[in-house]
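What follows is a predicted protein model with its sequence.
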Amino acid sequence: CPSCPICSSSPSKIMSLQAAAAAAAAAADVQNRPPRIPVPAPRAPPPPPRPPLVVDRERTCPLLLRVFTKIGGHHTVEDFAVRGKEPKDEVQIYTWRDATLRELTDLVKEVAPAARRRDARLSFAFVYPDRRGRNVIRQVGVTHASGSVRRGGDDSRTLAELSFQTGDFLDVAIYS
């Protein structure tokens, strides 16, 4: 067929036309198939637990932890909004990243009479700036003043385990 555009074409053009037709047929076939049910990806095993942070307190310099206590609840984010105008009820503690919430509870009990009550409960929260520079309050644990009676799971948690970073504030709510 001399007048036929397909027959008068080069062999490579015929091959590309055939490939295009095959691709169109395959696409139509895919559209007619029932939808596939996605197979969930297998879960990776949990990462191995990190070894506990061990600090040589004789050789490691302690960090300054600014602790703000309040009876009846935590401070608000607005209380920490202006640098240098933090709440007045501040206690400065020199400690290490391996300090536990129980150790911090005992130190707070030394300076806050309300924390010494037998039924006192202390709630700990970190105050730190987020990526946009706005302060965030994140609760990290609860302890009881009478540790021997109600020693719980949070007593042995360390600042390092709780992702404390130097410069974060510690807000302690004292409930009686």
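Now that the structure is in, tell me what you want to look at. Residues are numbered from 1 along each chain as shown.

which helices and strands sit right next to the helix or strand Asp106 falls within?
According to DSSP states H and E, Asp106 maps onto helix 101-111. Packed against helix 101-111 by the contact rule (3 or more C-beta pairs under 8 Å, 6 or more residues apart in numbering; DSSP states H and E) you find strand 63-71, strand 90-95, strand 121-129, strand 135-144, strand 169-175. Using the backbone N, CA and C atoms, a C-beta is placed for each residue, glycine as well.

What helices and strands are in contact with the last one?
Spelled out, that is strand 169-175. Contact partners of strand 169-175 among helices and strands, from 3+ C-beta pairs under 8 Å, 6+ apart: strand 63-71, helix 101-111, strand 121-129.

In a markdown table: the helices and strands packed on helix 101-111, plus distance to Thr105, mean pLDDT and mean neighbour count.
Rendered in a markdown table, the data for the helices and strands packed on helix 101-111 read as follows (distance: least, C-beta to C-beta, whole Å; pLDDT from 0 to 100; neighbours: other C-beta atoms under 10 Å):
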| stretch | distance to Thr105 | mean pLDDT | mean neighbour count |
| --- | --- | --- | --- |
| strand 63-71 | 11 | 95 | 18 |
| strand 90-95 | 12 | 94 | 14 |
| strand 121-129 | 5 | 94 | 19 |
| strand 135-144 | 5 | 94 | 18 |
| strand 169-175 | 9 | 96 | 22 |
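
could you dump the ones you listed to TSV with distance to Pro40?
Shown next, in TSV, are the helices and strands packed on helix 101-111 (distance: least, C-beta to C-beta, whole Å):
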stretch	distance to Pro40
strand 63-71	44
strand 90-95	45
strand 121-129	35
strand 135-144	31
strand 169-175	40
